[in-house]
Structures are given as structure tokens and as C-alpha cells.
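**Student:** A predicted structure for the sequence below; I have some questions about it.
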Amino acid sequence: MVKKQRLLIEQHWLKAVKALSFLIVSYFVIVIMKGATHRIYYYNAIFGDLIQEHPLFLDHYLQSSFHYGYNLGNGYLNNIPPEWQYPWWKPAFSLFNNPNMPTFKTPWEYAFPSGHINATYCSGSIMLLFLKNKDNNKINWKIKLCFVLWLSHILSMNFALIVERFHWISDTAFTFIFSTLIIIIIHFSINKIFAKHLIL
């Protein structure tokens, strides 16, 4: 508590509330959406094609405990059928206990929205919140540098998730919009809730 005065003036407590609120609210919604949509990861949807293109991986895959494809009798080596590749807007509760699909412990059906993109939003928002000085309304070079690094990181992650066939483009695109809106809503909501306690 050596810097108690700075703690109060720069309102770190308020920034912490915003950061925790964004983390809790965003992941609460994401978990519900993942469970409701059961969207299959792109990787799983085309797993049969990938195995045919890279047969050297087949033995290693069969010896592992992972099940990425479809059809138990064939060692889960096929593509998951198109009729079970649910779009993000279509509920898929009927797939919850489908015996033809891989074991439930394998997260093959939680592609939408992207938890990786939202996690990067969490870390980026926390860094920017605590770099912002209450006494200085100007954006200093530290904030600019962190923003550039964060932007580079999230764009490269998005690129990797798509190119490596892990996510569908709509998974990450939706999460960009969703996470941005949640940040804005949380920011103004917390400010309004704690308006009486703000030091102007």
C-alpha cells in the first residue's frame, strides 16, 4: 500500500472490476453458445481428407487416444458427415449424445465462438487498461506499442487458426465482433454503476 494514493487516483480498482467483468461475462456467454450450437471444428469436418493427404500420420494417430474423425468402426478416419456440420445459428442439441460421434471427452464440437480470440481480447484489454494513466489523457508510446503488438498477435493467431484448418472463418469473425461489443458494454456499464465513486 506504499502507493495507495496513486491506486485511488488512477482507479486501478475500477480497471480490475472491468477486466474481471469482461472475463466472466464473455466466457459465460461463449460457454453457453458453444454448448448450444455444437459446431464442429473445421479440422474434424475434413479429417478424412487430411489423413489421405498425409498417410504418414496414420499409425501415430491410431496409436493415440484421440478421435477426430467419424465412424467408430473405421477408427474415426472419415470426414464428419455434412448433415452434422451445423452452422453457428442452428441449435444442435440432438448431437449431444450421438453414439456415432467421437467420445464426449474430445472437444470436437465446440468451434463456435473462438475461445482463443476472446482470450487474446482479455489479455489485450487488461494491458491497455492498466497502462492508461488517469492523469494523462494522451495516448503515450507504451500504449501505442502494446496495441501494435497485441494487434499483430491477434491477427497472426486468427490467420493461424484459419490456415491450420482449426476454425471456420465465421467462428473467429463473430468472436472479433462479439468481444469488441462486450468490451464496450462492460466499460460503459461499470462506469455507470460506479459513477458515484469515480474521481474526476
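**Tutor:** Sure thing, it's come through. Predicted, not measured: the structure shown is a model, and the values here were computed from it.

**Student:** Could you check the pLDDT of the residue most central in space within the chain?
**Tutor:** The centre of the chain sits closest to G115, judged by CA atoms, centre = their mean, with a distance of 1.8 Å. What the model reports as pLDDT for G115 is 86.

**Student:** Just give the nearest non-adjacent residue to it, would you?
**Tutor:** Excluding its sequence neighbours, the residue lying closest to G115 (CB to CB, 6 or more residues apart in numbering) is I30, at 6.1 Å. C-beta coordinates here come from the backbone N, C-alpha and C atoms, glycine included.

**Student:** you'd agree that neighbour is up against I117?
**Tutor:** No - using CB atoms under 8 Å, I30 is not in contact with I117, being 9.9 Å away.

**Student:** who touches both of the two?
**Tutor:** Common neighbours of I30 and I117 (criterion: CB atoms under 8 Å, 6 or more residues apart in numbering): T175.

**Student:** in this structure, what spans have low per-residue confidence?
**Tutor:** Applying pLDDT under 70 to the chain picks out residues 1-12, 86-108, 129-139, 196-200.

**Student:** quick one: contacts for S21?
**Tutor:** Contacts of S21 (CB under 8 Å, 6+ apart): 186, 189-190.

**Student:** Spell out which helix or strand contains it, please.
**Tutor:** Element membership for S21, per DSSP states H and E: helix 12-37.

**Student:** Flag every buried residue along that helix.
**Tutor:** Of all the residues in helix 12-37, those buried under the rule 16 or more other CB atoms under 10 Å are 14-15, 18-19, 21-23, 26-27, 30, 33-34, 37.

**Student:** What are the boundaries of the helices in this protein?
**Tutor:** Under the criterion DSSP state H, helices of the chain are mapped to 4-9, 12-37, 42-45, 47-53, 58-63, 115-131, 141-163, 169-193.

**Student:** out of those helices, nearest to N74?
**Tutor:** Ranking these by proximity to N74 (CB to CB) places helix 47-53 first, at 9.0 Å.

**Student:** residues of that closest one that come out buried?
**Tutor:** Neighbour-count burial for helix 47-53, counted by 16+ other CB under 10 Å, picks out 47-48, 50-51.

**Student:** From these, pick the one nearest W150.
**Tutor:** Nearest to W150 among the buried residues of helix 47-53, counting by CB to CB, is L50 at 31.5 Å.

**Student:** Distance-wise, check that closest one relative to F166.
**Tutor:** To F166, L50 is 12 Å away according to CB to CB, to the nearest Å.

**Student:** Give me the domain ranges for the protein.
**Tutor:** 22-36+112-197, 42-95 (automatic domain parsing).

**Student:** farthest pair in the buried residues of helix 47-53?
**Tutor:** Between any two of the buried residues of helix 47-53 (CB to CB), the greatest distance is 7.3 Å, for G48 and L50.

**Student:** rewinding a little: shared neighbours, L50 and F166?
**Tutor:** Common neighbours of L50 and F166 (criterion: CB under 8 Å, 6+ apart): Y43.

**Student:** Who wins on neighbours among the contacts of S21?
**Tutor:** When neighbours are counted by other CB atoms under 10 Å, I186 leads the contacts of S21 with 21 neighbours.
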